[in-house]
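Q: Sequence and predicted structure, then a few things I'm wondering about:
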Amino acid sequence: MSFREFLKPEVVVEEELSTEYEIARVLHRYQEKAVLFSRVRGSELRVAGNVVASREAMCRALGTNVEGFLEHVAMARERRGELLKTEDAPVYQRALRLEELPVLKHYAKDAGRYITAGVVIAEDEELGRNASVHRMLVLDDRRLVIRLVERHLHAFYTRALERGEALEVAVAIGVHPAVLFASAYPLEMGRYELEFASALMRRPLKLADCRKVSLQVPADAEVVIEGRLTAEMHEEGPFTDITGTYDSVRMQPVVEVLGVYCREDAIYHAILPASREHRLFMGMPREPEIYRRASQVARVRQVALTHGGCGWLHAAVAIEKSSEEEPRRVIEAVMQAHPSVKHVVVVDSDVDVFSPEELEFAIATRFQADRDAVLYRNAKGSSLDPSAQKSGRTAKLGIDATIPLEEREAHERAVIPKRR
Ligand code: MN
């Protein structure tokens, strides 16, 4: 259950490239291919990106396929995975300095070099253990600044500060995709994402003790950074996020780095912001939750947070409709399950939600705006949408592009007979 076991590079770049723009440029060019960079200027580590570059690859990593994905995750969610303590931890083979890591600078106006595939592990005496994915900007050889949205890690951090303490963290980079997926999954507080990763994989996940903090990390990660979140704040951003536009600058907590470790021949995982890989890791962990909620009001067949919608803002849901009220109930359920969503399209199950052309076809031929649109004003949306208000408030639209039950006949799809 390791990163390197999963990694199957389709493109290997032998030429020595710079961490500033050069690697990002190649990752951008080959967005649907896993790329391995064998030589990186200023670092002994190799770099890999686009490791999970398609929906199929993500499903393969989770031990399922595109058809089975929603059910597979729903079942794993009911189980509690197993964590195994081990002394054999390749990730501690070498100690190095933060500045020796090949952290990339991606886009022209980004504030600097950003860690984008770091799973941040922390513990709270009452709230339990937590693993979540956060971007981190390198400030110098001993400090990072981390973006904390107000979810679990933020609560751990706030509680530590209230006790007058710093919050110990361990950042694992280069983990199996199931670990990244689970860490990006919106589980409830108190459920440990790494156990969920093991449940998804149906295999125990091996953890090893950290060296400088009292936490445990995946033993076969490629890189681990140990440190603590202090009361010190620093400007974070601009950073290019899923939309490919610059997220704003905010004051965020500083991570004081206590130790950096890696495998002997470590491969550093870099997720290019706004790439397919980034959108898949943001969006796919939300789809099973949308499925769960929407399934309470209709027979749901498939759910997609589409690539064009940045894996975040557009949801398409295919249902087996049995009453005219269902599409509106589904629209409402999706908005609740994923409050960042802005447009929801509900289609019949003959429409492939992963095909932009089929979705457009359904809107073109099955949707009447004065009858089938649900408009929301001044709703809570995503701060990542540059068209939303500064406060994150936004208009939203639900589109019922299902065939009215009474009118099925008019929508019969013509076929060409096999013989005359
Ligand atoms: Mn959590």
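A: Alright, I've got the coordinates.

Q: Residue in the stretch 151-300 of the chain with the shortest distance to the ion?
A: His152 (3.7 Å; Cβ to the ion). For the C-beta atoms, the positions are set from N, CA and C on the backbone; glycine is no exception.

Q: need the contact list for that residue.
A: Taking Cβ atoms under 8 Å, 6 or more residues apart in numbering, we find His152 in contact with 127, 130, 132, 189.

Q: can we see that at 6 Å?
A: 130, 189 (Cβ atoms under 6 Å, 6 or more residues apart in numbering).

Q: how close does the residue nearest to Leu313 when sequence neighbours are not counted get to the ion?
A: In this structure, Leu313 finds its nearest non-sequential neighbour in Lys342, 4.5 Å apart by Cβ to Cβ, 6 or more residues apart in numbering. Noted for Lys342: a distance of 25 Å to the ion, by Cβ to the ion, to the nearest Å.

Q: isn't Lys342 right next to Trp312, touching?
A: No: Lys342 is beyond contact range of Trp312, at 8.8 Å (criterion: Cβ atoms under 6 Å).

Q: ok so, going back, neighbours of the residue nearest to Leu313, how many?
A: Lys342 has 24 neighbours, counted by other Cβ atoms under 10 Å.

Q: need the contact list for it.
A: 313, 381, 396.

Q: Look at the first one and say how many residues are nearby.
A: Right, the one you point to is Leu313. Neighbour tally, Leu313, other Cβ under 10 Å: 25.

Q: what's the closest non-adjacent residue to the residue in the stretch 1-150 of the chain that the ion sits nearest to?
A: Residue of the stretch 1-150 of the chain nearest the ion, by Cβ to the ion: Asn130 (4.3 Å). Excluding the flanking residues, the one nearest Asn130 by Cβ to Cβ, 6+ apart is His152, at 4.7 Å.

Q: Tell me the pLDDT of the one you found.
A: Looking at His152, its pLDDT reads 98.

Q: where exactly do the helices run in the protein?
A: 3-6, 22-29, 55-61, 69-78, 152-162, 177-183, 193-201, 276-283, 287-294, 326-337, 356-366, 369-372 (DSSP state H).

Q: just checking, which of the ones you listed sits deepest inside the structure?
A: Ranked by mean neighbour count, the helices of the chain are led by helix 177-183 with a mean of 27 (mean count of other Cβ atoms under 10 Å).

Q: For it, name the packing helices and strands.
A: Applying 3 or more Cβ pairs under 6 Å, 6 or more residues apart in numbering; DSSP states H and E, we find helix 177-183 packed against strand 128-133, helix 193-201.

Q: Reformat these into TSV and put mean pLDDT and distance to Ile331 next to each item.
A: As requested, these are exported to TSV (pLDDT from 0 to 100; distance: least, Cβ to Cβ, whole Å):
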stretch	mean pLDDT	distance to Ile331
strand 128-133	98	28
helix 193-201	97	28
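
Q: The residue nearest to Pro285 when sequence neighbours are not counted - how many residues pack around it?
A: Of all residues not flanking Pro285 in the chain, Tyr185 sits nearest, at 4.1 Å (Cβ to Cβ, 6+ apart). Neighbour count of Tyr185, defined by other Cβ under 10 Å: 23.

Q: for the helix or strand of the chain with the lowest mean pLDDT, the distance to its chain's centre please.
A: Across the helices and strands of the chain, mean confidence by mean pLDDT, DSSP states H and E is lowest for strand 246-247: a mean of 93. The chain centroid and the centroid of strand 246-247 are separated by 17 Å under Cα atoms, centre = their mean, to the nearest Å.
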